[in-house]
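Visitor: from the sequence below, what's the structure:
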Amino acid sequence: MSTQTKEWILHSVIFTLKHEQGSAEEAQFLADGERILTSIPTVTNFQVYKQVSAKNNYRHGFAMEFANQADYDAYNEHPLHVQFVSERWALEVEAFLEIDYAK
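Guide: Numbers count the residues shown, from 1 in each chain. Next up, the predicted model:
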């Protein structure tokens, strides 16, 4: 039985980095993203994925869960998230697609 409520949100983003595939810079971005974003209190079940479908050109994915919209909003506004987006994401991500799911 699921513990997810009607308010639950799954936030996911698939992306391609400007870094060469398999490079130390790519690995560092993924590790830093996980370390920084999981330190935000409202983030749960954070996952880093390697995208394997031949149907698109994205290479990686981040996914995380939030108990409700307020927790998701708190994440979006959190200084660590804002800093990660401005100092890393905007500079190192070539392309991305963001998808948020609710039940």
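Visitor: surely residue 38 is in contact with residue 47?
Guide: No. Using Cβ atoms under 8 Å, residue 38 makes no contact with residue 47, being 10.1 Å away. Every C-beta, even on glycine, is put in place using the N, C-alpha and C of the backbone.
Visitor: which one's more surrounded, these two?
Guide: Using other Cβ atoms under 10 Å, the more surrounded residue of residue 38 and residue 47 is residue 38, with 15 against 11.
Visitor: ok, that one - contacts?
Guide: residue 46 (Cβ atoms under 8 Å, 6 or more residues apart in numbering).
Visitor: any idea how far it is from residue 58?
Guide: According to Cβ to Cβ, to the nearest Å, residue 38 stands 21 Å off from residue 58.
Visitor: mind listing residues that contact stretch 40-48?
Guide: Residues from elsewhere that reach stretch 40-48 (Cβ under 8 Å, 6+ apart): 30, 33-34, 37-38, 60-67, 71-72, 74-75, 78, 80-81.
Visitor: give me the buried entries from those residues.
Guide: Burial by neighbour count, judged by 16 or more other Cβ atoms under 10 Å, picks out 30, 33, 37, 60-66, 71-72, 74-75, 78, 81 from these.
Visitor: could you list which of those residues belong to strands?
Guide: Those of the buried ones among the contacts of stretch 40-48 mapping onto strands are 60-66, per DSSP state E.
Visitor: can you list those in JSON lines and add distance to residue 15?
Guide: Converted to JSON lines, these look like this (distance: Cβ to Cβ, whole Å):
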{"residue": "60", "distance to residue 15": "6"}
{"residue": "61", "distance to residue 15": "7"}
{"residue": "62", "distance to residue 15": "8"}
{"residue": "63", "distance to residue 15": "12"}
{"residue": "64", "distance to residue 15": "14"}
{"residue": "65", "distance to residue 15": "18"}
{"residue": "66", "distance to residue 15": "19"}
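Visitor: quick one, grab the pLDDT at the residue lying closest to residue 78 once chain neighbours are set aside.
Guide: In space, residue 78 comes closest to residue 40 once its chain neighbours are excluded; the distance is 4.9 Å by Cβ to Cβ, 6 or more residues apart in numbering. Predicted confidence (pLDDT) for residue 40: 98.
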